[in-house]
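Engineer: Kindly return the folded structure for what I paste below:
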Amino acid sequence: TIPFSDVIITPKFFKKSFGKKHKTFNGFMELSYLHKKYFKPNLNIKKILGVYNEKYVIVRFVSWEASHDFGVRGLSDDDKIKLIKFISKKAKVFISSEKRLPKELNKYKLKLSPELMHDALFYSSLHIGEGATLAAESALLKTPTIYVNKLSLGYISELEKYGFLLTELNIGNILNLAEFILDNKNTSFINNKEINYEEKFDDTTDFMLKVIKKYES
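Structural biologist: The predicted structure follows:
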């Protein structure tokens, strides 16, 4: 569709350029639905998940079958088992997976309606994920996030710059980071609920409405 478009809009940290018709904004597409003006977390999610005062972690594994994943691979089954066994000693674990899990991990499967995922992420103590979108959503919900993927993406790099997200591929380092996050309470990374990113980035919805009104005639 790009050759036929009058204007192409992306966040300013998108790494490609489409020339004169390329317009950018200082924000994230995910803030169109996760900005605090629009997203109000549902506290009942803890009851739905069966957790109350205990910590819980959401882990996301992808299938690696998307076109942009060509030649990229994530954690091995052995590393997945090692990761979940380690985390389960410190918190309750829920796994969302696009591909079949090793049978040892089936008991950790997240059984939740998709529209409740952001509520679950908001109250989780940590998110570890191979998927960029869910990692970005988790980070923007100010949940400590470990991104397990070597794909270099502009919006992921921006989130890393502000300390909302960490990228790590080595299983040993992932375990160390997870332990640090789950065991410590007095760090800026843990307490990033206090970070006002709304002051740093545009309200995506407001920006898009202005663009639509400009071109609606």
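Engineer: Quick one: list the elements packing against the helix or strand where residue 60 lies.
Structural biologist: Following DSSP states H and E, one finds residue 60 within strand 56-61. With contacts taken as 3 or more CB pairs under 8 Å, 6 or more residues apart in numbering; DSSP states H and E, strand 56-61 sits against helix 77-87, strand 92-97, helix 117-123, strand 126-129, helix 132-140. To be clear about C-beta, it is placed using only N, CA and C from the backbone, and glycine gets the same treatment.
Engineer: so how far is that strand off the chain centroid?
Structural biologist: Taking the mean C-alpha point of strand 56-61 and that of its whole chain, the gap between them comes to 11 Å (CA atoms, centre = their mean, to the nearest Å).
Engineer: how about the CA coordinates for that strand, as CSV?
Structural biologist: Presented in CSV, the C-alpha positions along strand 56-61 are these (Å, rounded to 0.1, in the frame of the first residue of the first chain):
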residue,chain,number,x,y,z
TYR,A,56,3.0,-13.8,39.6
VAL,A,57,4.8,-13.7,36.3
ILE,A,58,3.5,-13.9,32.8
VAL,A,59,5.8,-15.6,30.3
ARG,A,60,5.1,-15.4,26.5
PHE,A,61,6.5,-17.8,23.9
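Engineer: middle-most residue in the protein, spatially?
Structural biologist: residue 135 (1.7 Å; CA atoms, centre = their mean).
Engineer: contacting residues around the closest residue to that one other than its chain neighbours?
Structural biologist: Counting by CB to CB, 6 or more residues apart in numbering, the nearest residue to residue 135 once its immediate chain neighbours are dropped is residue 147, at 4.3 Å. Remark: with contacts taken as CB atoms under 8 Å, 6 or more residues apart in numbering, residue 147 is in contact with 129-130, 132, 135, 156, 165-168.
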